[in-house]
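1. Just to be clear, the model below is a prediction. Sequence and coordinates:
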Amino acid sequence: MSLAKEYASRANELSQSFGLHSWQQLSSARSDDKVAKLSTEPLREENTFSKMLEQRRNPVAIHKVIEVLSESTKSWEDAADLAVKDAAKSLKGIKSIYIKNFQGDVKDNKIVQYRVNAKITFEVGG
């Protein structure tokens, strides 16, 4: 949401809570009026220029996604755990796992092999 839309939304919300008909009435209220004081203080605290600058200074993290196939004789959860453990042997900074597909082998009406096709996300660099 853009800053202007956020301000307008907050102004409308405040004007309704004080029984005003529009945000224009709220903005035209006198400076010594309770409504004007309450309407501007939260906006100043939440959206300071310095906070916005600080957010822009933070570097963007680079992530990479790899696809891994893993299997287990216990469960799909165990297959997913093995996928992360095996990937961790050669990768640092693993952030998440997304299970794309579940598969299984059945023998005598029982699942004997559990397989997952997983996407593992890790941070590149630092």
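-> Received the coordinates, thanks.

2. What is the helix or strand harbouring Val68 packed up against?
-> For Val68, the element it lies in under DSSP states H and E is strand 62-72. Counting contacts by 3 or more Cβ pairs under 8 Å, 6 or more residues apart in numbering; DSSP states H and E, strand 62-72 packs against helix 76-88, strand 110-124. Quick note: C-beta positions are derived from backbone N, CA and C, even for glycine.

3. tilt between the shortest one and strand 62-72?
-> Helix 76-88 and strand 62-72 are oriented at 130 degrees to each other (axes from the mean of the first three to the mean of the last three Cα atoms, to 10 degrees).

4. if I look at the nearest residue to Asn117 once chain neighbours are set aside, how far off is Gly125?
-> In this structure, Asn117 finds its nearest non-sequential neighbour in Asn101, 3.9 Å apart by Cβ to Cβ, 6 or more residues apart in numbering. Look at Asn101 and Gly125: by Cβ to Cβ, to the nearest Å, they are 30 Å apart.

5. Same question for Ser72.
-> Distance of Ser72 to Gly125, computed by Cβ to Cβ: 32 Å.

6. hang on, isn't Gln113 packed against Asp105?
-> Yes. Assessed by Cβ atoms under 8 Å, Gln113 is found in contact with Asp105 at 3.9 Å.

7. still on that earlier bit, what angle sits between the strand holding Val68 and strand 110-124?
-> Using the same axes, to 10 degrees, one finds that strand 62-72 and strand 110-124 are set 160 degrees apart in direction.
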